[in-house]
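Enquirer: compute the structure for the input listed below.
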Amino acid sequence: MTTDQIIILVILACTVVLFVWGRWRHDTVALAALIACIFTGIVPGEEAFTGFSHHAVITVACVLVLSKGLQTSGALEALAHRFLPESLGPKATILLLTVLVTIPSAFMNNVGALVLMMPIAIKLAEKHGLPPGRMLMPLSFGSILGGMTTLIGTPPNLIVGAYRAETAGRGFAMFDFAPVGLAVTIAGLIFIVLLGWRLVPKRERSGAGDFATGDYLTEARVPDDSSAVGKSLREVEDILDKDGAQIVGIIRNEVRLTAPNPARLVMAEDILVIEAEPKALTSVLSGLGLKLEEAVPPEGTEDTGDKPMDAAPKDAEEKGEDEETKPVKTPAYASEVVLRELTILPDSMLAGRSAASIGLRTNHGINLLAISRQGRRSTARLRTMLIRPGDVLLVQGSADAIGAFASEFGCVPLAERALSLPDKRQAITAGAIMVAAIGAAAAGLVPAAVALAAGVLATMLFRTVPLRKIYETVDWPLIVLLGALIPVAGAMSSTGAADLVARSLLSTIAGGNAVIALAVILVVTMTLSDFMNNAATAAVMCPIASGTAASLGVAADPFLMAVAVGASCAFLTPIGHKNNLIIMGPSGFQFGDYWKMGLPLEVIVVVVAIPMLLWAWPI
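Expert: The predicted structure follows:
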C-alpha cells in the first residue's frame, strides 16, 4: 500500500464517518475532503475545482430549475385531482397517488413531486380513516423508486453516468437506466400497494383539524387568575394527565428549569413548558386557565407586550438592532386568523434559525405556538429554539401571511391547498419545455447538460419560473457536494485505492465470483445510502465498483448500474433521503419506523435488480 493510497483511504474513511454522524452539512464535509486532498497533494491544486464545471453538476442544477417550473404551474396537482376519484378505496387510492408521484419523479426533482402531493395525501388519509403515514410513506418510497429510471431522475444516476464518461469515454444515455430501474420500480410498487402500506406503523390518526405530528412542545403562561397558581407541579400534572399532557420544564424570571421538583409551587407569570398532542392543547389550556405564550392579540386590540420580545438578545445583536425597538407588524386581519401546521423541508431557510432571529412575529405577522420534533427535546425557549428539517411548526396568523411565509422559507403547509393554476398557459409551457429538453437529450441531438441548459434559458424567457426565483431554486449545498466530491472520487482511482478496496472485497467476501461481487456492491451501496447522502454514496462507490470489475476482468457497466440502483434505495432511515425526512413530522414517525416497510422493499430490490442487471448488462 502506497502513501497516497493510505492518505486517500484515511480521508475517505473520515468523510464517510462525518457523513453518517450528520453533525455537519454534507456540502461542508465534502468541501473539507477536497481541501484535505489538495493539501496532501492527492488532488493537484489546478484541478481542485474542475468538478464544478462537470456536466453532471450543470445537469443537476438545470433539472432543479425545470422541475420548479412544473411545480409552480400546478400541473401535478391538476393531474392528482383529475385522476383520483372520490369513490376509490384505500388500496386503489394509494396505488394511484403513488403512481402519480413515481412517474414525474423520473424527470423532475422527486422532492418537489412529493411536496406537491403531500397535502392531497393527508386529506385522503383522513377520508379513509388511515394514519397519514400510511399514505405518505408509500408516496416517499414511490418518488425515490421513480427517480432511478432515467439519467436525470436522481443525482446518483448523473454521478454514475459522469464517472463512466470519464473512464470509458462515453456516459450512459437518458434511458439506459430504464430496463433495471423500471423492473425494480414496478416490483416495488406492487409490494407497496399489496402489502407494504400495511406494514407502516400506526401513529396518531388524523382528525378534521389536525394531523399526526406527534407531541408538541408548547409554552403556556400562568395568568394571575389561573387555577394553577399556588398548586404544586405534581397537582398540575395530575390535572394535565387526563389529556395525556405533561410538564417538561418551567420558566421563571427567564430561567428555565428542566425536570423541576414536583413539589415546586406554581406562581403567577410562570411559564410552563408542556408536552401535549395538538388536539389536546385546547383542553389543557382551558382546564387551568393558561395562555399560550405566543398568542396573537384579538382583532382590534393592541399588543400589550406582556411578553418581552428581547429574550434572544444574541439574535437581535447579530441583526444589529433590538427586536423590541422594532414596530410589530400586525397580521393582515382582512383574512381570518387561522392555525396552520408547517413542516420544515431539508433545504429550508429556517433550518438552524429561530423564530426570534427571523423576526417571525415582527416581520411576518405570524406567531409560533408550538414545535413538534420527533424523539428530541430542546432546553431552549420556544422562540429561541433552533428549527431543524423535519420539524412541524404550529403557527397562528392570517392565511395569506402564513402562505407567503411558507413559500418564502421552504415549508409545506399541512392542509390541502387550493388548486394552483395561476396561468394555464404557463403550465403547458413548462411541460413543453421539459419534454423538449428531455427529447433532445434522449435523441442524442445534444448532450443532456446542453439540452437542459437550453430548457432553463427557455424557462427564463417564458418566465415559467420568476426570474428572481431561478437561483433560489437551485439546491446549492448539493451542487457544492457534487463539485467537491468529483475530484475526490477521481483521486480514489488515480491512486489505485479503489482497486485496493475492490481486491479486498473480492478476496474476503465475493471469493472471486462476479455475481456475488455484484450483489456485494449493490448491498454495500444501499447500506451506505441509508445513512449518508445518495450522491456522496455514488461518488464513493463508483471507483470501487469499477475496480472490482477490473480485478475480475469483466465489464464495468453492470457494477456501475448496481451503484446507481443501490444509491437510490434509501428506505431504512429518515436521514437517507430528503423525502423520508420530509414525511417524518407529518406522519408522527420515529427513526425506527422506516425499516418495517423499507427492509422488505430493499430485499425485493436486490432480488429483482441482480438478474435484471445480468440480463440488461451482461458480465
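Enquirer: from here on, just use CA atoms for contacts and neighbour counts.
Expert: OK.
Enquirer: ok, and for stretch 565-572, which residues are buried?
Expert: The neighbour-count check on stretch 565-572 (16 or more other Cα atoms under 10 Å) flags 565-572 as buried.
Enquirer: helices - which of the residues you listed land there?
Expert: 565-568 (DSSP state H).
Enquirer: any chance of the buried residues of stretch 565-572 in CSV with pLDDT as columns?
Expert: Output for the buried residues of stretch 565-572, formatted as CSV (pLDDT from 0 to 100):
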residue, pLDDT
565, 95
566, 94
567, 91
568, 89
569, 90
570, 87
571, 92
572, 89
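Enquirer: number of residues surrounding the residue nearest to residue 499 when sequence neighbours are not counted?
Expert: Closest residue to residue 499 apart from its sequence neighbours, by Cα to Cα, 6 or more residues apart in numbering: residue 547 at 4.4 Å. As a burial measure, residue 547 scores 24 neighbours (other Cα atoms under 10 Å).
Enquirer: just the CA trace of the host helix or strand of residue 547, in CSV.
Expert: If you go by DSSP states H and E, residue 547 is part of helix 534-552. C-alpha atoms of helix 534-552 as CSV (Å, rounded to 0.1, in the frame of the first residue of the first chain):
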residue,chain,number,x,y,z
ASN,A,534,-27.1,9.4,-2.0
ALA,A,535,-24.9,11.5,-4.4
ALA,A,536,-22.0,11.2,-2.0
THR,A,537,-22.6,7.4,-1.8
ALA,A,538,-22.5,7.1,-5.6
ALA,A,539,-19.3,9.2,-5.8
VAL,A,540,-17.6,7.0,-3.2
MET,A,541,-18.7,3.7,-4.7
CYS,A,542,-18.1,4.3,-8.4
PRO,A,543,-14.4,3.8,-8.2
ILE,A,544,-14.7,0.8,-6.0
ALA,A,545,-17.3,-0.8,-8.4
SER,A,546,-15.1,-0.1,-11.4
GLY,A,547,-12.1,-1.5,-9.6
THR,A,548,-14.0,-4.6,-8.7
ALA,A,549,-14.9,-5.2,-12.3
ALA,A,550,-11.3,-4.7,-13.4
SER,A,551,-10.0,-7.1,-10.9
LEU,A,552,-12.5,-9.8,-12.1
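Enquirer: what's the closest of the buried residues of stretch 565-572 to residue 223?
Expert: Set against residue 223, the nearest of those by Cα to Cα is residue 572 (46.4 Å).
Enquirer: quick one: residue 23 from residue 253, how far?
Expert: For residue 23, the distance to residue 253 equals 33 Å [Cα to Cα, to the nearest Å].
Enquirer: list the contacts for residue 355?
Expert: 361, 368, 383-385 (Cα atoms under 8 Å, 6 or more residues apart in numbering).
Enquirer: what does it show for phi and psi?
Expert: When quoted as degrees, to the nearest 10, the phi and psi of residue 355 stand at phi -60, psi -40.
Enquirer: quick one: the strands in the stretch 101-250 of the chain?
Expert: Ranges of strands within the stretch 101-250 of the chain are 216-221, 246-252, based on DSSP state E, counting those that start in this stretch.
Enquirer: got a markdown table for those, with mean neighbour count too?
Expert: Below are those laid out as a markdown table (neighbours: other Cα atoms under 10 Å):
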| stretch | mean neighbour count |
| --- | --- |
| strand 216-221 | 24 |
| strand 246-252 | 20 |
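Enquirer: using JSON lines, lay out the ones you listed together with distance to residue 292 and mean pLDDT.
Expert: Formatted as JSON lines, the strands of the stretch 101-250 of the chain follow (distance: least, Cα to Cα, whole Å; pLDDT from 0 to 100):
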{"stretch": "strand 216-221", "distance to residue 292": "4", "mean pLDDT": "76"}
{"stretch": "strand 246-252", "distance to residue 292": "14", "mean pLDDT": "79"}
